[in-house]
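In: Structure, please.
(chains A and B)
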Protein chains: 2
Amino acid sequence: MTSTYRAWTLVKRAEGLPSSDLFELRDFESAPLADGEVRVRNEWLTVGPAMRVRMSAETRGYLAPYGLGDPIPGWAVGEVIESRSADFKPGDRAMHQFGMRDYGQGPASAFEKLPASGAPEHYLNAMGSTGFVAYYGLFEIAKAKAGETLFVSAAAGAVGSTAVQIGKAIGLRIVGSAGGSAKGERLKEIGADAVIDYKTPGSLEDKLAAAAPQGIDIYLDNVGGEHLDAALANANPNARFAISGMIGSYNQERASDTMHHLNRIVTQRITIQGYLPYADRADLLDAFRERMSAWIADGTVRPWQEVRDGLESVPQAIEDLFAGGFSGKPLIRLNTEDARP
Amino acid sequence: MTSTYRAWTLVKRAEGLPSSDLFELRDFESAPLADGEVRVRNEWLTVGPAMRVRMSAETRGYLAPYGLGDPIPGWAVGEVIESRSADFKPGDRAMHQFGMRDYGQGPASAFEKLPASGAPEHYLNAMGSTGFVAYYGLFEIAKAKAGETLFVSAAAGAVGSTAVQIGKAIGLRIVGSAGGSAKGERLKEIGADAVIDYKTPGSLEDKLAAAAPQGIDIYLDNVGGEHLDAALANANPNARFAISGMIGSYNQERASDTMHHLNRIVTQRITIQGYLPYADRADLLDAFRERMSAWIADGTVRPWQEVRDGLESVPQAIEDLFAGGFSGKPLIRLNTEDARP
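Out: Numbers count the residues shown, from 1 in each chain, chains lettered A, B, ... in the order given. The predicted structure follows:
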């Protein structure tokens, strides 16, 4: 039997910061469940900075542009309501990329079964690709050692807030950058030793010099631009920069960053490494999750999230994300009334 | 007995491109040779891009500014004419950093004895820090593998021309950037598969895309700026960038590079590493020299050098170096008449 689902679609290409009117909620029809497929009622969705790249007509990147009018994919967790696979039964919780809609359907191999206990939404945050980026950056790229100084951009964001808490647990001195004093206060509560407000007047370079007079050894970046330049200006010898995103350039058709300190790469022997661990190093996911679930269990990491309710809230959440309006990981909780069986 | 020597001194700080009138040749007096010291008559001097950094009042880098009116240090090779050390006897050849002058004097530990046979000037070029930068970048930083595509900036320069020849020997496809068709022709003779002339109209990004339609896997850079941006635009996944200098920013009090492709660091998972191997990894020098001397002996590497004659030629050589006027390593050959015993 066919069934319908409601999904957000991109109806025009983004230019600059994405606004909520780029999206339309549309009805789609699912084919009857084929052999080996499962169908999930989504409970939690999330939005993230990498979405912006795919809103352009050309990405030149690692993911293709969204098709105009097609259901937008995205990470989600939900409850299996129908299964024609031996791997899933109704009632199981699963994570998948058929998000931005109320129901997801596809081959069982596209779904990952989650433990019955625990908060499933953590798999969209600290237990998922977000937490893995923080973990991989600190341990595999930067090889962080107790006593070193860590600088984190977008520290009140999803990756950043996880990195601050892990960094604190392993004995790093931490400087976090965030916009506004409220985020800064919260950052200090979760372990940042010093905070930079990038929205106040003055150069980031000078603010970072004041917050880290001893220089920085590690930089976790998903912003780029002036933050990256400030990190270069304040890097100690043999500093390691782990770069997981450049949100600052996603909203430009042709990014243009004015850099004053690239020569420090040589004089300070800096290593700058781009990484996408969820795509490239899934072999380390189990080890990561074992460690992260222990950190969450003992309170070392308290996943920092901001929840919006209802499928209708997706476009505004996207707009707010790029305007810096979220603290922690943006999550969208779907209500029973979002789901039309 | 005291003795005199003539040495080039910096008499005013450089702003922008250094010109020959920043320098004056002055007489200095050496103290009598102390116990454990040696005195060398210099035969070969060299000039290099890193000198520019030290001509400024503040370096913020790894080497201190030159003192105004002091003898400028620099790499040199020469013949020991007097020794109060058991490690050296008159007639030995030695390499040291008491260059930019006719005689060098200091503790024996500051001198390295060179083999009696072979061309001593190669130790200022392919057998010295220049060749070591090319070797270390290709093998230790980039871990180059046959079949990969290498892009080299300043490919007709000292480091670049050595890298092109080593790269050819290990089976890389090589794209070199140089200014002017004469340098380009010579680059093809020594092994470059394709050549970019950065002086012709058009963007470097497009020129590199045309010269390396398959993208680049390795970038050896000592220029920075637009060359670095072009390399980012054309980098393959997991590309490695070995950065040994940024001559493009040395002549500016505050460098300002407009970069359009920094986000490629993430999407292509690029690693960018600054390195100064002569300072940091002297433990690998012997292995490097063993390999390089074999390459020179069998003709794999023909050290590319451009020789000027006489101590008086130093300031013009510095001016020409930064104007792109040299092919290969700039060497200054001192004549017997340069030396006043």
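
In: Point me to the helix or strand that includes the most centrally placed residue in chain A.
Out: The centroid of chain A falls nearest to A:T130 when counting by C-alpha atoms, centre = their mean (4.6 Å). Using DSSP states H and E, A:T130 sits in helix A:129-136.

In: What is that helix packed up against?
Out: Judged by 3 or more C-beta pairs under 8 Å, 6 or more residues apart in numbering or on different chains; DSSP states H and E, helix A:129-136 is in contact with helix A:158-169, helix A:277-280, helix A:285-297. Yep, even glycine has a C-beta here, placed from its N, CA and C like the rest.

In: Keeping just the C-alphas, turn the following helix or strand past that helix into PDB.
Out: Beyond helix A:129-136 on the C-terminal side, the first helix or strand identified by DSSP H and E is strand A:149-152. This file holds the C-alpha atoms of strand A:149-152, laid out as PDB (Å, rounded to 0.1, in the frame of the first residue of the first chain):
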ATOM      1  CA  THR A 149      46.000  25.500  24.900                       C
ATOM      2  CA  LEU A 150      43.000  24.900  22.700                       C
ATOM      3  CA  PHE A 151      41.200  27.600  20.700                       C
ATOM      4  CA  VAL A 152      37.700  26.700  19.500                       C
END
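
In: Excluding residues flanking it in the chain, which one is nearest A:G180?
Out: A:K199 (6.1 Å; C-beta to C-beta, 6 or more residues apart in numbering or on different chains).

In: looking at it, the residue nearest to the centre of chain A is touching A:S161, isn't it?
Out: No: if you go by C-beta atoms under 8 Å, A:T130 and A:S161 don't touch, sitting 9.3 Å apart.

In: can you list residues touching both of those two?
Out: Between them, A:T130 and A:S161 share these contacting residues under C-beta atoms under 8 Å, 6 or more residues apart in numbering or on different chains: A:K329.

In: hang on, A:W304 packs against A:I190?
Out: Yes: checked against C-beta under 8 Å, the pair A:W304 and A:I190 is within contact range at 7.0 Å.

In: more crowded one of the two?
Out: A:W304 (22 against 19; other C-beta atoms under 10 Å in any protein chain shown).

In: ok, and the closest non-adjacent residue to that one?
Out: Nearest to A:W304 is A:G328, by C-beta to C-beta, 6+ apart, at 3.2 Å.

In: For that neighbour, list the residues it contacts.
Out: A:125, A:156-158, A:161, A:303-306.

In: let's see 7 Å
Out: Applying C-beta atoms under 7 Å, 6 or more residues apart in numbering or on different chains, we find A:G328 in contact with A:156, A:158, A:161, A:304-306.

In: Tell me which helix or strand comes right after the helix or strand of chain A with the lowest mean pLDDT.
Out: Using mean pLDDT, DSSP states H and E, the weakest-scoring helix or strand in chain A turns out to be helix A:247-250, at a mean of 66. With elements assigned by DSSP H and E, the helix or strand that comes after helix A:247-250 is strand A:257-259.

In: Does anything pack onto that following strand? Which helices or strands?
Out: Helices and strands touching strand A:257-259, by 3 or more C-beta pairs under 7 Å, 6 or more residues apart in numbering or on different chains; DSSP states H and E, are strand B:257-259.

In: Okay, buried residues for the strand it packs on please.
Out: Within strand B:257-259, the residues scored as buried using 16 or more other C-beta atoms under 10 Å in any protein chain shown are B:257, B:259.

In: from the chain's centre, how far out does it sit?
Out: 24 Å (C-alpha atoms, centre = their mean, to the nearest Å).

In: what's the answer for stretch A:171-188, then?
Out: Remark: stretch A:171-188 is offset 18 Å from the chain centroid, using C-alpha atoms, centre = their mean.

In: how far does that stretch stretch from start to finish?
Out: 15 Å (C-alpha to C-alpha, to the nearest Å).

In: go on, stretch A:16-32?
Out: 40 Å.
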